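Peer 1: Provide a 3D model corresponding to the input given below.
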Amino acid sequence: MSNTILFDYWRSSASYRLRIALHLAGIQYQAISVDLVKGEHKSPEHLARNPQGFVPVLEIDGLRLTQSLAILDYLDQTRNLGLLPTEPGPRAQAQALAHAIAVDIHPVCNLQVAKHATGLSGGADGMPGDWMTHFIRPGLQAFETLLSAYDQTPFCTGDTPGLADICLMPQLYNARRWGADISDMPRLLGVEAACNAHPAFAAAHPDRWAPTET
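Peer 2: Model (predicted):
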């Protein structure tokens with residue numbers, strides 16, 4: 001059994017990011033599901049791992065790490081994944097792409113946030129889907145425009161997967177889940193095709209980790 005343990009949930013965007021990175025790094029790990037729908041992230045057992053009650057939590061190299069972007073940085077530095085350029089300017093630009101997803105779109109489209117908004121609206125028709133698409137589509141449109149500054153393919157910032165790709169793919173999964181139209185974003189769709197063809201992304205896809213009905 002692997003000494004690396006990932007506490008995650010199959011549909012969690014942040015967990016999806018880490019699965020991609022772990023597969024990119026070739027790290028064998030044990031996945032332990034923390035069912036967000038059943039509220040297992042609020043259990044005393046999980047709160048002892050992460051007082052914020054979030055997933056993922058990664059136990060690796062004798063450490064217990066939280067916050068996906070911080071964990072991705074750790075994996076990048078310790079496993080030489082090359083997720084970001086080394087030059088300060090291109091590095092900042094690549095980080096901005098990743099943060100446009102992970103810092104701006106993802107938090108407001110967290111299911112917990114959307115459910116709270118649904119409650120405040122009195123369960124208005126179309127919620128939480130309308131909430132999700134209201135933020136996802138404009139956010140991805142802006143991302144598409146940001147990508148136009150990169151005359152590179154097939155991935156966001158070059159010929160190998162980077163941090164921006166790792167953050168983008170879970171958000172595209174959410175866009176399709178909630179019906180946000182991305183058909184007019186060719187650069188983004190090209191990156192999606194390249195990622196879908198990459199074994200590490202395929203192995204991390206939520207469909208591979210969905211719970212089996214019993």
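Peer 1: what is the top helix by length along the chain packed up against?
Peer 2: Identified as the longest helix of the chain according to DSSP state H is helix 129-147. Here helix 129-147 touches helix 88-99, helix 111-120, helix 163-178, helix 186-196, going by 3 or more Cβ pairs under 8 Å, 6 or more residues apart in numbering; DSSP states H and E. For glycine as for every other residue, the C-beta is placed from the backbone atoms N, C-alpha and C.
Peer 1: any chance you could list what contacts the third one?
Peer 2: Residues outside helix 163-178 that contact it (Cβ atoms under 8 Å, 6 or more residues apart in numbering): 13-14, 16-17, 20-21, 72, 76, 83-84, 94-95, 97-99, 101-102, 105-106, 109, 129, 132-133, 136-137, 139-140, 143, 155-157, 180, 182, 188, 191-192, 195, 201, 205-206.
Peer 1: tell me the buried residues within these.
Peer 2: 13-14, 16-17, 20-21, 72, 76, 83-84, 94-95, 97-99, 101-102, 105-106, 109, 132-133, 136-137, 139-140, 143, 155-157, 180, 182, 188, 191-192, 195, 201, 205-206 (16 or more other Cβ atoms under 10 Å).
Peer 1: what about stretch 193-208, distance to the chain center?
Peer 2: How far stretch 193-208 lies from its chain's middle: 12 Å, per Cα atoms, centre = their mean, to the nearest Å.
Peer 1: average pLDDT for it?
Peer 2: Over the span of stretch 193-208, the pLDDT mean works out to 97.
Peer 1: what about that stretch, how long is it end to end?
Peer 2: 18 Å (Cα to Cα, to the nearest Å).
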